[in-house]
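> sequence and predicted structure below; questions after.
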Amino acid sequence: MNKTYSIDALHQKVELAINALPLTKKPQELYEPIRYSLAMGGKRIRPVMLLASCNLFNDNVEDALNAAIGLEVFHNFTLLHDDIMDNAPLRRSKPTVHTKWNNNIAILAGDTMFVKASELVMQCDDSKLREVLETYHKTAIEVCEGQQLDMNFETINNVSIPQYIQMITLKTAVLVAASFKIGAILGGALPEDAENMYHFGKNLGIAFQLQDDILDVYGSPDKFGKQIGGDIISNKKTYLLLKALQIADRYKKEELANWIFAPKFDAIEKVQAVTEIYNYLNIRELAKKEFEKYYVQAFSYFDKVLVSEERKFEILSISRSLVGREE
């Protein structure tokens, strides 16, 4: 009889494994911020994705658990360092690590998390180790490339939408893709099915980030867990801003430029003014259409995976959870 785990059951496995990580060693100044970072919550989407993808092809998910936790530790490492670079005060409605401690402690804690993530990912069957590590290391480098592009865009005024999609593919989507592919590999999937799971995850990850762009402007602070309008305040080249610059007339472009290049401004006033420009240009609906394009494309790959529809149910559930966040 096939053993298909529910998303809740996989989530419970992930939480128990994270709580069991040996992070009580000394010096406590190093390990306490790591425990704090991992305990801040989040939906644990990536490790649950990995386990669900493994379960798509195999009844036994225990052998994939260390790799799943490794990807979650890696993800939280990237968030910790991103928060330093962005000087973000909040993460999941709580003070960021660098805010609660300081930048130096946060950097070192992040470095340790990266090493721990690699250590966990490599704890899998030797026959699958090379393929898993190749996927993981390729993804880890791509995430860093995406972060560098994101930082580059802060000082480049003529970023195109295709360039932006490439950046979020690297910074965000490839880790979602790797979660699904590594899970498929550890589940014993055929190579073509593992590749289809990768492309499914990549397109789903792009859709996720596009929705994140929308929520940054139009989301509820309590539900979103981050500062609303943070992208506007920091002049981030999101899809919303780039689309506005692409379709705005000369007057609206000048208005946007005045806010982008203003040396001093009131943050609340800036967020309100730029949001009003977005509303005038119908940017929210245009961004939703772009999101839907990648969401549909993702499932064109998932449909090719040769397993029963019954076994696909939990993947469908977690995918809806990923992109079903409320505004």
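Cool, the structure landed.
> starting at the chain centroid, how far to stretch 95-103?
Computed by C-alpha atoms, centre = their mean, to the nearest Å, the separation of stretch 95-103 from the middle of its chain amounts to 21 Å.
> okay, buried residues for it please.
T96, V97, H98, T99, W101 (16 or more other C-beta atoms under 10 Å). Quick note: C-beta positions are derived from backbone N, CA and C, even for glycine.
> as CSV, these with secondary structure, pLDDT and distance to I34 would be great.
Converted to CSV, these look like this (DSSP: H, G, I helix; E, B strand; the rest coil; pLDDT from 0 to 100; distance: C-beta to C-beta, whole Å):
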residue, secondary structure, pLDDT, distance to I34
T96, coil, 94, 14
V97, helix, 95, 9
H98, helix, 96, 13
T99, helix, 96, 16
W101, coil, 96, 11
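> which among the residues you listed gets closest to Y36?
V97 (6.5 Å; C-beta to C-beta).
> quick one: contacts for the closest one?
By C-beta atoms under 8 Å, 6 or more residues apart in numbering, the residues touching V97 are P33, Y36, S37, L80, D83, R91, I105, A106, A109, G110.
> show me which of these are buried.
The neighbour-count criterion (16+ other C-beta under 10 Å) marks P33, Y36, S37, L80, D83, R91, I105, A106, A109, G110 among these as buried.
> list the contacts of the helix or strand that contains the third one.
S37 is part of helix 28-38, with elements assigned from DSSP states H and E. Contacting residues not belonging to helix 28-38 are listed as 18, 21, 23-25, 72-73, 76, 79-80, 97, 100-101, 105-106, 108-109, 112-113, 116 [C-beta under 8 Å, 6+ apart].
> mind listing which of those residues are in helices?
Counting by DSSP state H, these place 18, 72-73, 76, 79-80, 97, 100, 105-106, 108-109, 112-113, 116 in helices.
> low-scoring pLDDT stretches of the stretch 201-327 of the chain, where are they?
For the stretch 201-327 of the chain, residues meeting the criterion pLDDT under 70 lie at 221-227, 324-327.
> quick one, strands of it?
In the stretch 201-327 of the chain, no strands are found when defined by DSSP state E, counting those that start in this stretch.
> could you find the closest non-adjacent residue to the most centrally placed residue in the chain?
In the chain, the centroid-proximal residue (C-alpha atoms, centre = their mean) is T172; its distance is 4.5 Å. Nearest residue to T172, sequence neighbours excluded (C-beta to C-beta, 6 or more residues apart in numbering): Q209, at 4.5 Å.
> which residues touch that neighbour?
With contact taken as C-beta under 8 Å, 6+ apart, Q209 is in contact with I168, K171, T172, A173.
> possible to save these as TSV with secondary structure?
Listed next are these as TSV, based on DSSP: H, G, I helix; E, B strand; the rest coil:
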residue	secondary structure
I168	helix
K171	helix
T172	helix
A173	helix
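> wait, which of those is closest to D126?
Nearest to D126 among the contacts of Q209 is A173, at 29.4 Å by C-beta to C-beta.
> what about the closest one, how many neighbours?
Using other C-beta atoms under 10 Å, A173 is surrounded by 25 other residues.
> so what's the nearest residue to it once chain neighbours are set aside up against?
Closest residue to A173 apart from its sequence neighbours, by C-beta to C-beta, 6+ apart: G205 at 2.9 Å. If a contact means C-beta under 8 Å, 6+ apart, then G205 has I168, T169, T172, A173, V174, L175, V176, A177 as its contacts.
> so how far is the helix or strand harbouring S53 off the chain centroid?
Using DSSP H and E, S53 maps to helix 45-57. Centroid displacement of helix 45-57 relative to its chain, using C-alpha atoms, centre = their mean, is 16 Å.
> kindly report the same for stretch 89-100.
The mean C-alpha position of stretch 89-100 is separated from the chain mean by 17 Å, C-alpha atoms, centre = their mean.
> stretch 234-248 now?
Centre-to-centre, stretch 234-248 and its host chain are 20 Å apart (C-alpha atoms, centre = their mean).
> measure stretch 89-99 end to end?
Stretch 89-99 has an end-to-end distance of 6 Å (criterion: C-alpha to C-alpha, to the nearest Å).
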